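# here's my sequence, what's the structure:
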Amino acid sequence: MPTVLPIREPRREPVSLHHHAMDNLRFIRETMERAGSVTAVPGWGGCTIGLSALAAAWISLRQPTLDRWLAAWLIEGILAIALGAYAVKRKADSTEVPAFSAPARRFALSFAPPLLVGALLTVVLYQSGLFRAIPGTWLLLYGTGITTGGAFSVRVVPVMGLCFMTLGAIALFCPLAWGTAFLAAGFGGLHLIFGWMIARRYGG
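Here you go, the predicted model:
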């Protein structure tokens with residue numbers, strides 16, 4: 001009687017340890033990107049922007065005309081954007097996470113439209129002579145951008161945005177004489193407070 005021999009499966013080449021490690025690192029990075037964009041929000045960068053805003057408030061108070069007051073804050077806005085971009089790049093490099101990772105792109109796409117709207121409204125308000133509404137509009141729309149962009153980041157970021165929005169809503173109904181104080185409290189004080197919290201809790 002013939003003997004039946006079992007069919008042997010072909011031997012598979014063992015997967016090297018290097019490939020296992022690379023797969024694990026790739027999985028960890030993708031999971032972190034899906035979970036949230038911590039690196040897209042630099043804490044110490046926010047503190048630096050806060051200090052520059054306080055300096056701008058001091059300078060703007062000493063301007064003789066409303067046009068020069070507005071110019072001082074517009075220069076501060078350009079400086080703040082440059083400081084923020086540098087801080088994001090530096091933090092991304094330190095954490096070895098791409099500055100334009102998927103969560104960072106989502107944050108930027110959510111953050112940018114309110115800023116563009118704010119720029120357009122600034123032109124309209126200036127041409128109409130409605131300087132009183134400018135501080136509240138800036139704070140409100142900046143807070144909107146932080147809140148919507150913060151949906152892709154850690155919880156403290158949208159909370160910061162809501163604080164900006166609250167401050168801006170109050171400023172809209174206050175006289176222009178209080179405008180610099182509101183801008184200093186928002187772009188200066190809130191950036192310092194929340195920037196320090198982000199830096200201490202989430203690194204950098």
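
# going forward, measure contacts and count neighbours with C-alpha atoms only.
Will do.

# point out where this structure drops to low pLDDT.
In the prediction, the chain carries residues with pLDDT under 70 at positions 1-41, 92-104, 204.

# go with 50
With pLDDT under 50 as the threshold, the chain has low-confidence stretches at 31-39.

# what about the helices in it?
Assigned helices in the chain, in chain order: 17-35, 43-60, 66-95, 102-127, 134-149, 156-171, 179-183, 191-202 (criterion: DSSP state H).

# ranking these by burial, who's on top?
Highest mean neighbour count of the helices of the chain: helix 134-149, a mean of 25 (counted as mean count of other Cα atoms under 10 Å).

# tilt between that helix and helix 156-171?
Inter-element angle recorded for helix 134-149 and helix 156-171: 160 degrees (by axes from the mean of the first three to the mean of the last three Cα atoms, to 10 degrees).

# please save the CA atoms from helix 134-149 in PDB.
Written as PDB, here are the backbone C-alpha positions of helix 134-149 (Å, rounded to 0.1, in the frame of the first residue of the first chain):
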ATOM      1  CA  ILE A 134     -11.200  97.200  14.600                       C
ATOM      2  CA  PRO A 135      -9.900  95.800  17.900                       C
ATOM      3  CA  GLY A 136     -13.000  93.700  18.500                       C
ATOM      4  CA  THR A 137     -13.000  92.500  14.900                       C
ATOM      5  CA  TRP A 138      -9.400  91.400  15.100                       C
ATOM      6  CA  LEU A 139      -9.800  89.600  18.400                       C
ATOM      7  CA  LEU A 140     -13.000  87.900  17.400                       C
ATOM      8  CA  LEU A 141     -11.700  86.600  14.000                       C
ATOM      9  CA  TYR A 142      -8.300  85.600  15.400                       C
ATOM     10  CA  GLY A 143     -10.100  83.700  18.100                       C
ATOM     11  CA  THR A 144     -12.300  82.100  15.500                       C
ATOM     12  CA  GLY A 145      -9.300  80.900  13.600                       C
ATOM     13  CA  ILE A 146      -7.700  79.500  16.700                       C
ATOM     14  CA  THR A 147     -10.900  77.700  17.700                       C
ATOM     15  CA  THR A 148     -11.500  76.100  14.400                       C
ATOM     16  CA  GLY A 149      -7.800  75.200  13.800                       C
END
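
# distance from that helix to the middle of the chain?
Mean C-alpha position of helix 134-149 versus that of the full chain (Cα atoms, centre = their mean, to the nearest Å) differs by 12 Å.

# now stretch 182-200
The chain centroid and the centroid of stretch 182-200 are separated by 12 Å under Cα atoms, centre = their mean.

# stretch 105-120 now?
On Cα atoms, centre = their mean, the centre of stretch 105-120 falls 10 Å from the chain's centre.

# output that stretch in CSV, but only the C-alpha positions, please.
Taking only C-alpha atoms (Å, rounded to 0.1, in the frame of the first residue of the first chain), the coordinates of stretch 105-120 have been written out as CSV:
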residue,chain,number,x,y,z
ARG,A,105,-2.1,71.5,7.1
ARG,A,106,-5.6,71.1,8.5
PHE,A,107,-4.8,73.6,11.3
ALA,A,108,-3.5,76.1,8.7
LEU,A,109,-6.5,75.7,6.4
SER,A,110,-8.9,76.3,9.2
PHE,A,111,-6.9,79.2,10.7
ALA,A,112,-6.1,81.2,7.5
PRO,A,113,-9.7,82.1,6.3
PRO,A,114,-10.7,84.1,9.4
LEU,A,115,-7.4,86.0,9.1
LEU,A,116,-8.1,86.9,5.5
VAL,A,117,-11.6,88.0,6.4
GLY,A,118,-10.1,90.1,9.2
ALA,A,119,-7.7,91.8,6.7
LEU,A,120,-10.6,92.6,4.3
